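Trainee: give me a 3D structure for the following:
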Amino acid sequence: MTNPGAESRKHDKLIFLFVSFAAFFIAVFPIANYDLFWHLAFGKVQFLEKAYLSTEIFSHTRNGQPWFNHTWLTGLTFYIVYSFTGYKGLILMKALLIFGIALMMTKVLNDRGHHKGVIITLILLMLLSSLFRYLERPHLITYFFLTLTYFILERYVRGIKGPKILFLLPFIGLLWVNFHSGVVFGPFLVSLFILAEALRQILVERTLFSIEILRRVKWLLLGLFGLLAGSLVNPNGIKPYSQWLGMGGKLDLQGVSVNYMAAMGTEFLPPAFQEFPLFWFSLTAIFLLVIFYYKRIDIVDMAVALPFLILALRYNRAIGMFNIFMLPFFASLLEGFVRTSKVGKKIAGFFLILLLGLTLHLKFFEDMGKYRFAFGLNEDYTPVDSAKFISNNDLPGNMFNTEALGGYLEWIFYPGRMVFYDNRTTIFGQLYEEMHKPGFMEKYNVNYGIVMRSQFPPEILFPEKNWALIFWDQCCSIYLKRVPQNAELIERYSIRYFRPTLNLKAAVRRAKREGASKKIIKEMETHLHYVDNLNAFVALAELYEETGKSEKEKTAFFMEGLKRWPDSPAVPLVLANSFYRAGKNKVAKKYYNEVIKKGGGDAYVYLNLGYIAYDEGFLKEAEANFMRSLRYDSDFDSPYYGLGIVYEKSGKLKKAVKYLQEYVKRSHDMRWKTIAGNKLKELKKNEKN
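Mentor: Have a look, this model is predicted:
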């Protein structure tokens, strides 16, 4: 006979195993956030100088201004982790924090006896709905400590643990406040538990005060004071709390009134449906379930979830916190639906399958691949190559940079090169007001600028008349001021044709039309020296063919391409086409087969393989390749001609006539149409004879 207890424990282990894998798998994706780098920069300086930083040191615009460094321990931790493990270690640290959050909330739901399918579905929903907030930033540490505080309070109020567990709260407060000023949410959460527990007892006793009410909340009150006391042990005193008081309105920064929330960017906007569909799906599902299963609502769950819901509706950055605290509330309601409705389990199962499908899509198949399962930097968001260009060419003078790039540039360049600003609004808020005023660049004596194209139209501050585009990579463009001292650099690097805003083929056509093939080649060579741009490589290879580069130079160029893009079929295709045009069929065939092996076979590849086989006398092989070419594109005319001459040589004259007639009907090349027509006449004449 099966032991029900042992079976249940086995299922518990499976749930925890699934949640552990899912949390880790979902949380691992390349670094694409900007704040991480200025935290790393601060951490590096603090570690090397063994000092707490309280002033701005990275910019030439606000150097020496006081700075409320409320994340000093985060920066130090990030830098130490990076020193030993690089960017991979930072991603793993993030994944472990999310793993901890998911595991604690799974334990909460499991201890309450919720259906296993409900637990898995809701944990997966939390992970996916919060994915946009799973960044290597201090707020993630706030998520972890907030969940840990909730976990401790939950175990106490449910009677799983005694009051001793609350003695952990002062230590949590001590750590939390030095990692992030989001510690303010800790006392807020404890206060919600106190109010909910008091209200629960008031509803039972129907009196506003009693000894029992005080008994139920006294240990929670002590926990609250302990958390507060621990959080006051930091270099900034009460500032982690007081700084939040002015955030709703205007801040005065050196005489300029700045709307703090607007300046902080899109994460302080309400959540739009098209950007946060899972959040709105969760709300809709909860709303519908409340209507039918309101009797299952727990007053503590509601008291905790509701304030975080209000925050999430106001600021989308709060969605991550709401997703944690909606779990117990949502689970109780969904449990009623699954256990009492005949179709409840099927609907819940259907949504679980959808969430699993969405997970796989985001991690492996999504076009942009922002959340793909991979380590390292996402260079679409990071100016890695631009920073190398600036450093290698030692660009002189003061820099302008888009705010989002400031952190990375501080991390890479300090102390040798100062940035213009980064996205710390409390330091640089005044600059937002100044940027559109005349003489802005002159005031700060800017000599070159690096701009993130997706966030800032370069033409606003860098008109062609006064600034030369000298470099660009996946995310950024670099401009140099047109002044005499920059003349040599501009002569060497100015980009006229190969620009990020121009279609590559159109740029090449324009350069050819203006007799500037050498100029665009030089521009592309500089670009490829720094940037892994496969499309530019292919275009440059074609230009090399046209401009008569030596065989040795072309071979070296192609071999370099194979090293840089070992898995791409595009590079062996360029090589194969080059050797095919040169009449080196054996080598061309080798590289065409390499293209096919790497998944790049198409109608043209098989067409050329067909002609190579024909020239070598392998007619069956030629026929097979021409047929494959047609399977890829039945409207392609050239394979019909190839099949015609194969069947002609094989003595299958009727077939030869059929395919040559098809070629003549489809072809628009008058020269080859004439050749095929003459061949047809000959074949028909031979058929009669």
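Trainee: so where is the stretch 351-500 of the chain shaky, pLDDT-wise?
Mentor: Counting by pLDDT under 70, the stretch 351-500 of the chain shows low-confidence ranges at 456.
Trainee: which residue ranges of it form strands?
Mentor: 398-401, 446-452, 467-472, 476-481 (DSSP state E, counting those that start in this stretch).
Trainee: which outside residues touch the third one?
Mentor: Where contact means CB atoms under 8 Å, 6 or more residues apart in numbering, the residues beyond strand 467-472 that reach it are 386, 389, 449, 453, 458, 462, 477-482, 486, 489-490, 493-495, 499-500, 526-527, 530. Any C-beta I mention is one placed from the backbone N, CA and C, and that applies to glycine too.
Trainee: which residues does Leu148 contact?
Mentor: Gly100, Met104, Ile172.
Trainee: most neighbours out of those, which is it?
Mentor: Ile172 (22 neighbours; other CB atoms under 10 Å).
Trainee: please, which helix or strand holds it?
Mentor: helix 169-179 (DSSP states H and E).
Trainee: and that helix, what's buried?
Mentor: Leu169, Pro170, Ile172, Gly173, Leu174, Leu175, Trp176, Val177, Asn178, Phe179 (16 or more other CB atoms under 10 Å).
Trainee: show me how this structure divides into domains.
Mentor: In terms of domains, the chain is parsed into 137-243, 384-505, 532-688 (source: automatic domain parsing).
Trainee: and those domains as CSV, adding distance to Arg314?
Mentor: Listed next are the domains of the chain as CSV, based on distance: least, CB to CB, whole Å:
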stretch, distance to Arg314
domain 137-243, 15
domain 384-505, 18
domain 532-688, 42
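Trainee: tell me which of the ones you listed lies nearest to Ala348.
Mentor: domain 137-243 (23.5 Å; CB to CB).
Trainee: end to end on that closest one, go ahead and measure it.
Mentor: 19 Å (CA to CA, to the nearest Å).
Trainee: now find how far off-centre it is within its chain.
Mentor: On the basis of CA atoms, centre = their mean, to the nearest Å, the separation between the geometric centre of domain 137-243 and that of its chain is 34 Å.
Trainee: give the closest residue to the spatially most central residue of the chain in space, chain neighbours not counted.
Mentor: The centre of the chain sits closest to Lys370, judged by CA atoms, centre = their mean, with a distance of 3.2 Å. Nearest residue to Lys370, sequence neighbours excluded (CB to CB, 6 or more residues apart in numbering): Ala32, at 6.1 Å.
Trainee: do Ile152 as well
Mentor: Using CB to CB, 6+ apart, the closest residue to Ile152 is Ile165 (5.4 Å).
Trainee: can you count the residues close to the one you found?
Mentor: Neighbour number of Ile165 under other CB under 10 Å is 16.
Trainee: likewise for Glu491?
Mentor: Counted with other CB under 10 Å, Glu491 comes out at 9.
Trainee: can you check Leu653 too?
Mentor: Leu653 has 14 nearby residues by other CB under 10 Å.
Trainee: relative to Lys684, how far out is it?
Mentor: 9 Å (CB to CB, to the nearest Å).
Trainee: same question for Ile15.
Mentor: For Ile15, the distance to Lys684 - CB to CB - is 76 Å.
Trainee: who has more neighbours, those two?
Mentor: Ile15 (19 against 14).
Trainee: just to check, that one is in contact with Lys107?
Mentor: No. Counting by CB atoms under 8 Å, Ile15 does not reach Lys107; the two are 9.8 Å apart.
Trainee: wait, Met93 touches Val81, no?
Mentor: Yes. With contact defined as CB under 8 Å, Met93 and Val81 form a contacting pair (5.5 Å).
Trainee: neighbours around the closest residue in space to Met435 that isn't next to it in sequence, how many?
Mentor: Spatial nearest neighbour of Met435, excluding adjacent residues (CB to CB, 6+ apart): Leu461 at 7.6 Å. Leu461 sits with 19 neighbouring residues when counted by other CB under 10 Å.
Trainee: surely Leu461 is in contact with Phe400?
Mentor: Yes. Counting by CB under 8 Å, Leu461 touches Phe400, with 7.1 Å between them.
Trainee: what do the two both touch?
Mentor: With CB under 8 Å, 6+ apart, Leu461 and Phe400 have common neighbours Met441, Gly449, Val451.
Trainee: how many other residues sit next to the second one?
Mentor: If I follow you right, that is Gly449. 23.
Trainee: could you list everything it pairs with in the sheet?
Mentor: Phe400, Tyr479 (DSSP bridges).
Trainee: quick one: contacts for it?
Mentor: So Gly449 contacts Met399, Phe400, Asn401, Pro458, Leu461, Phe462, Trp467, Ile478, Tyr479 (CB under 8 Å, 6+ apart).
Trainee: closest to Gly583 among those residues?
Mentor: Ile478 (42.9 Å).
Trainee: spatially nearest residue to the closest one (excluding sequence neighbours)?
Mentor: That would be Phe471: by CB to CB, 6+ apart, it lies 4.3 Å from Ile478.
Trainee: can you tell me how far Pro639 is from Phe440?
Mentor: Taken as CB to CB, the span from Pro639 to Phe440 is 61 Å.
Trainee: kindly report the same for Leu288.
Mentor: Distance from Leu288 to Phe440, by CB to CB: 53 Å.
Trainee: one more: Tyr82?
Mentor: 35 Å.
Trainee: out of these two, which sits in the busier spot?
Mentor: Neighbour count, other CB under 10 Å: between Tyr82 and Phe440, Tyr82 has more, with 20 against 14.
Trainee: confirm that one sits in a helix?
Mentor: Yes. Assessed by DSSP: H, G, I helix; E, B strand; the rest coil, Tyr82 belongs to a helix.
Trainee: for it, list the residues it contacts.
Mentor: Going by CB under 8 Å, 6+ apart, the list of residues near Tyr82 reads Leu40, Gly89, Leu90.
Trainee: swap the cut-off to 6 Å and go again
Mentor: Leu90 (CB atoms under 6 Å, 6 or more residues apart in numbering).
Trainee: burial of Arg314, as a residue count?
Mentor: That count, for Arg314 with other CB under 10 Å as the rule, works out to 15.
Trainee: what pLDDT does the residue lying closest to it once chain neighbours are set aside get?
Mentor: Once flanking residues are discounted, Arg314 sits nearest to Pro270: 6.2 Å by CB to CB, 6+ apart. You'll see Pro270 listed with a pLDDT of 90.
Trainee: now Pro270: phi and psi?
Mentor: Dihedral angles of Pro270 (phi, psi; degrees, to the nearest 10) stand at phi -60, psi 150.
Trainee: same deal with Phe375?
Mentor: Per degrees, to the nearest 10, the backbone of Phe375 is at phi -110, psi 170.
Trainee: not counting its neighbours along the chain, what's nearest it?
Mentor: Per CB to CB, 6+ apart, closest to Phe375 is Lys88, 4.5 Å.
Trainee: which element is the one you found on?
Mentor: Counting by DSSP H and E, Lys88 is part of helix 72-111.
Trainee: quick one: mean pLDDT over that helix.
Mentor: 96.
Trainee: same question, stretch 280-300
Mentor: In the prediction, stretch 280-300 has an average pLDDT of 90.
Trainee: please apply the same query to stretch 237-246.
Mentor: On average, stretch 237-246 scores 77.
Trainee: may I see the buried residues of that stretch?
Mentor: Pro240, Tyr241.
Trainee: need the contact partners of that stretch.
Mentor: His70, Val177, Ser181, Val183, Val184.
Trainee: nearest to Tyr580, of those residues?
Mentor: His70 (63.3 Å).
Trainee: any idea how far Thr74 is from the closest residue to the closest one other than its chain neighbours?
Mentor: Nearest non-adjacent residue to His70, counting by CB to CB, 6+ apart: Ser181, 4.0 Å away. The gap separating Ser181 from Thr74 is 11 Å, by CB to CB.
Trainee: how about Lys437?
Mentor: 35 Å.
Trainee: out of those two, which sits in the more crowded spot?
Mentor: Neighbour totals were compared for Lys437 and Thr74, and Thr74 leads with 26 against 8 (other CB under 10 Å).
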